[in-house]
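> sharing a model that was predicted from the sequence below.
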Amino acid sequence: MSLNVSNLTCYRSGRLIFSDLSFTLKDGEAMMLRGPNGVGKSTLLRVLTGMLAAGGEVELNGTRLRDDRDAIQEQLAYAGHLDAIKPQLTVGENLTFWASLFAGGDIDTAVEQFSLAEIWDRPAHACSAGQKRRLGLARLVVSNRPLWLLDEPTVSLDVETTARFADIISAHCNAGGMALIATHIELGLPSPQELRLDPVTEEQHARTNDPFLSEDWT
């Protein structure tokens, strides 16, 4: 089981975000995605989900993204900046919905790991920012997917919950899962890999052949 990325190049609105990006993430491994704000960390995660197009190759467990996006998406769980909860449903109804959607998710484990029992019957719209984040991250546990793509997952979490979430990531990797985590903080994971994105230089921009930048698109 592995995620293999080769020569990945991405543009947004005609501007080069990153180019020739290559890395491998194997089962049992976590990788920290580092870099300053605006460098393309969120864009990279969205490219890996298939939500954004890019040049190069993304292969997950032998399946190429360009060949079968649905098969790739069925093997990953993505936690972005939004918590992806339905505000009109209770905490329990949100979690139950996700478990039925993913088929095979462990609700009891998710409730225990994210301390959701005490707010089980609370409408999601009445939860605090931290409670909403805990609920959104609980979706990872009930998804039962091998690859977790996490974009600043500890936002709104207190110190204790952040440490507990780091343990949850470690347990996922110890069970053979993989995690790619965009974050500015140290989670205390044991021996994580690190992938750093740096701002694109003017020289790199000049070497690109984007038809919209060169006006060669008519």
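All right, it came through fine. Residues are numbered from 1 along each chain as shown.
> ok, Gly136 to Ser19 distance?
32 Å (Cβ to Cβ, to the nearest Å). For every residue, glycine as well, the C-beta is placed using N, CA and C.
> okay, those two: which has more neighbours?
Neighbour totals were compared for Gly136 and Ser19, and Gly136 leads with 21 against 18 (other Cβ atoms under 10 Å).
> in the host helix or strand of that one, which residues are buried?
Per DSSP states H and E, Gly136 falls inside helix 129-143. Residues of helix 129-143 classed as buried by neighbour count (16 or more other Cβ atoms under 10 Å): 131-143.
> report all helices and strands that it contacts.
strand 76-79, helix 91-102, helix 107-113, helix 159-174 (3 or more Cβ pairs under 8 Å, 6 or more residues apart in numbering; DSSP states H and E).
> and the gap between Asp158 and Leu150?
Per Cβ to Cβ, Asp158 is found 18 Å from Leu150.
> of those two, who's got more company?
Counted by other Cβ under 10 Å, Asp158 and Leu150 do not tie: Leu150 has more neighbours, with 23 against 11.
> helix or strand for the more buried one, which one?
Element membership of Leu150 [criterion: DSSP H and E] is strand 147-151.
> quick one, what contacts Asn7?
Counting by Cβ atoms under 8 Å, 6 or more residues apart in numbering, Asn7 makes contact with 20-22, 55-57.
> which of those fall in strands?
20-22, 55-57 (DSSP state E).
> now do the contacts for the most centrally placed residue in the chain.
Nearest to the geometric centre of the chain sits Leu149, at 2.1 Å (Cα atoms, centre = their mean). Applying Cβ under 8 Å, 6+ apart, we find Leu149 in contact with 45, 48-49, 76-79, 179-180.
> for it, give the beta-bridge partners.
Tyr78, Leu180 (DSSP bridges).
> measure it to Ile181 for me?
For Leu149 relative to Ile181 (Cβ to Cβ), the value is 8 Å.
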